[in-house]
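J.: Quick one, structure for this:
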Amino acid sequence: MKLNFLGPTDPDKSYNVSSDRSVNFYPRLHKEGGKAVVTLCGTPGTELFSTIGSTPIRGMHPFNNLLYAVAGGSLYSVDTDGSVSSALGTLFTSSGRVSMKNNGLAVSGVGGDQLAISDGVGTYIYDVTAGTFTAITNPCDMLAYIDGYFVGVVPDSMSYNVSDLYDGTNWNVLATSPVSATPDLLMAVENLHQQLWLIKQTSTEVWYNAGISTSVGSPFLRIYGAVIDYGTNAPWTVARGDNSMFFLAWQRSGDSSEMVGIVRVKGYTPEIISPPSINYRINRMTTYSDAFGYCYAEDGHTFYVITFPAGDATFVYDATTQMWHERSTYKEPYAVGRHVSNCYAFFAGKHLVGDYQTGNIYSMASSIYEDNGEPIVSVRQGGVVFDPQSLDNVFVNRFILDTESGVGDLGELTQTGLDPKASLSFSDDGGHTWTGEYQASLGKIGEYGKVLYWNQLGYTKRGRVFRVTVSDPVKKILVGAYAEVSQ
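T.: Coordinates of the predicted model:
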């Protein structure tokens, strides 16, 4: 019989009900009538693009045909070949996340040639034409760019500041405005659909450019009625992608609020997109404030990647399939932790991520099958195989795995004679304990008709969960799973 084995990460609060997990596998959907409606593909790997010292990459931003990156307490530029400049300027801080925006290259009086950086302590302007680095006495927690202006969140307040038009070195003290429809603090700003979204702790307000001069006040005014009862206490989770905005949300309810999950905003309508299983795991974490997210698109899929450093976990939402999976950089087999990425930028035709532990910047792509030389351990735990009528004994005579086999020659690492393996283990207590691993060959190069199967797997009384693991550096595609069972 065909098993309900492939799918997203969606474990129940009790593993005895469901222990479905996809770690370093993501689901793809196919048309009805084909061999499979859902398949699983291996997540992207990484290879070294550039190195900036030994401290973590705090933020990256492409501008003026260069990638600008903050590592430690300094700003650097990186060329398309990965070569790194000397330090372009020094920040007041040497750790923590940074926000980076630009106001365009100056052409016919439009654009300012400026890169703005904020770290919560200061705001810094690097002029890409003059090569000057200026520290501004105007601390901002986060920056946005809209209509020629930099907009910055004033720390621990309900207000934002606005720079002069195409000039981030000047911030008129009058060009500020309270965001006061609700009495909670302003946490993040974003430009979505050419409107200024001001995201507070428990609410969000949408403002528009009213054309007011910064010499007399803020250019922006709130759109009447555009107040949404979702906000965030994790401002770095705010990310824009797929014509939408995503963030970890708190919902206002009377005079209180609670964390309700990850929200996607399309138009003015928020939608909770995280299932109860992921919300349950997030709720068990000790802190959310360090969480961050970013969006990117590859192979026809748009992904929202959210990482919880203190919780040591990375969850990924595929906006194309509306399914979730997990990503984990190698620690040890079956030790699922967070992904290596600390920030993201698209530059030189590459998806680049900064390392959260070192000064490395990696190129991330689905055609790379290792993480900077370390294995990517891809794991799929499927649904429970059981007798739905009476929970009688079920004998499993054979487990069959349908994969794309014979592809050992693909990827950045080519090994002649490579014989990649898939490992099978199973649990008869709902995923609490597991058997040892039983390996089968995925097929050497050219063995495209290889079928994986495991025989004489005993019996289960209350139900069996199968787990398949693949860690060799090859293309990973799971097409389906089948079992020969008897009562």
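J.: The spatially most central residue of the chain: which element?
T.: For the chain, the residue nearest the mean C-alpha position is residue 305 (1.1 Å; CA atoms, centre = their mean). For residue 305, the element it lies in under DSSP states H and E is strand 301-308.
J.: per-residue pLDDT, the residue nearest to the centre of the chain?
T.: Note for residue 305: predicted pLDDT of 98.
J.: Please apply the same query to residue 5.
T.: 89.
J.: for it, helix, strand, or coil?
T.: coil (DSSP: H, G, I helix; E, B strand; the rest coil).
J.: Am I right that it is in contact with residue 383?
T.: Yes: between residue 5 and residue 383 there is a contact under CB atoms under 8 Å: 6.7 Å. Every residue, glycine included, has its C-beta placed from N, CA and C.
J.: Between these two, point out the one with more neighbours.
T.: residue 5 (24 against 19; other CB atoms under 10 Å).
J.: what's the more buried one in contact with, if anything?
T.: 380, 382, 383, 466, 480, 481 (CB atoms under 8 Å, 6 or more residues apart in numbering).
J.: Equivalent analysis for residue 278, please.
T.: 9, 10, 261, 262, 315, 324.
J.: try 10 Å this time
T.: Neighbour list for residue 278: 8, 9, 10, 11, 261, 262, 306, 313, 315, 317, 324, 326 [criterion: CB atoms under 10 Å, 6 or more residues apart in numbering].
J.: which SS class is residue 279?
T.: Applying three-state DSSP: residue 279 is helix.
J.: Surely it touches residue 288?
T.: No: in this structure, residue 279 is not within contact of residue 288 by CB atoms under 10 Å, at 11.7 Å.
J.: so what sits against both of the two?
T.: In contact with both residue 279 and residue 288: residue 259, using CB under 10 Å, 6+ apart.
J.: These two: which is more packed in?
T.: Relative neighbour count places residue 288 above the other of residue 279 and residue 288, with 18 against 15, counting by other CB under 10 Å.
J.: close enough to count as contact, residue 289 and residue 233?
T.: Yes: using CB under 10 Å, residue 289 is in contact with residue 233, at 6.3 Å.
J.: Have a look at those two and say which one is more surrounded.
T.: Using other CB under 10 Å, the more surrounded residue of residue 289 and residue 233 is residue 233, with 20 against 13.
J.: before we move on, back to that, return every residue with contacts to both of residue 5 and residue 383.
T.: In contact with both residue 5 and residue 383: 20, 465, 466, 481, using CB under 10 Å, 6+ apart.
J.: What distance do you get for the first one to residue 5?
T.: In this view, residue 20 and residue 5 are 9 Å apart by CB to CB, to the nearest Å.
J.: one step back: which of the contacts of residue 5 fall in strands?
T.: When DSSP state E is applied, those are split such that 380, 382, 383, 466, 480, 481 fall in strands.
J.: Counting neighbours, which of those residues comes out on top?
T.: Most surrounded of those: other CB under 10 Å gives residue 380, at 27 neighbours.
J.: Quick check: buried residues in stretch 307-326?
T.: For stretch 307-326, burial by neighbour count (16 or more other CB atoms under 10 Å) applies to 307-308, 311, 313-321, 323-326.
J.: name the helices or strands packed onto the worst-scoring helix or strand of the chain on mean pLDDT?
T.: Using mean pLDDT, DSSP states H and E, the weakest-scoring helix or strand in the chain turns out to be strand 459-460, at a mean of 82. Applying 3 or more CB pairs under 10 Å, 6 or more residues apart in numbering; DSSP states H and E, we find strand 459-460 packed against strand 394-403, strand 477-486.
J.: who's residue 161 bridged to?
T.: In this entry, residue 161 is beta-bridged to residue 152, residue 176, by DSSP bridges.
J.: domain assignment for this structure?
T.: 21-43+378-486, 229-339 (automatic domain parsing).
J.: mind giving me TSV with those domains and columns for distance to residue 82?
T.: Formatted as TSV, the domains of the chain follow (distance: least, CB to CB, whole Å):
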stretch	distance to residue 82
domain 21-43+378-486	16
domain 229-339	19
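J.: If you average pLDDT over each of these, which is lowest?
T.: domain 21-43+378-486 - the lowest mean pLDDT of those, at a mean of 84.
J.: returning to what we had before: common neighbours of residue 289 and residue 233, please.
T.: Joint contacts of residue 289 and residue 233 (CB under 10 Å, 6+ apart) are 187, 248.
J.: Could you tell me how far the least confident helix or strand of the chain lies from the centre of the chain?
T.: Strand 459-460 has its C-alpha centroid displaced from the chain centroid by 39 Å (CA atoms, centre = their mean, to the nearest Å).
J.: now, which of the shared contacts of residue 5 and residue 383 sits nearest residue 254?
T.: residue 20 (35.8 Å; CB to CB).
J.: what sits against the closest one?
T.: 4-12, 277, 380-384, 431, 465.
J.: mind running it again at 7 Å?
T.: Residues near residue 20 by CB atoms under 7 Å, 6 or more residues apart in numbering: 7, 9, 10, 11, 381, 382, 383.
J.: which regions of the stretch 1-150 of the chain lie under the pLDDT threshold?
T.: Scanning the stretch 1-150 of the chain for pLDDT under 70 picks out 14-18.
J.: Where do the helices of it begin and end?
T.: For the stretch 1-150 of the chain, no helices are identified by DSSP state H, counting those that start in this stretch.
J.: The stretch 201-350 of the chain too?
T.: Using DSSP H, counting those that start in this stretch, helices in the stretch 201-350 of the chain cover 276-283.
J.: At which residues are the strands of it located?
T.: Taking DSSP state E, counting those that start in this stretch to define them, one finds strands in the stretch 201-350 of the chain at 204-209, 220-228, 230-231, 239-241, 244-253, 256-266, 269-272, 292-298, 301-308, 313-318, 323-326, 341-347, 350-355.
J.: Turn those strands into a markdown table, including distance to residue 455.
T.: Formatted as a markdown table, the strands of the stretch 201-350 of the chain follow (distance: least, CB to CB, whole Å):
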| stretch | distance to residue 455 |
| --- | --- |
| strand 204-209 | 57 |
| strand 220-228 | 56 |
| strand 230-231 | 52 |
| strand 239-241 | 46 |
| strand 244-253 | 45 |
| strand 256-266 | 42 |
| strand 269-272 | 44 |
| strand 292-298 | 38 |
| strand 301-308 | 36 |
| strand 313-318 | 35 |
| strand 323-326 | 30 |
| strand 341-347 | 41 |
| strand 350-355 | 42 |
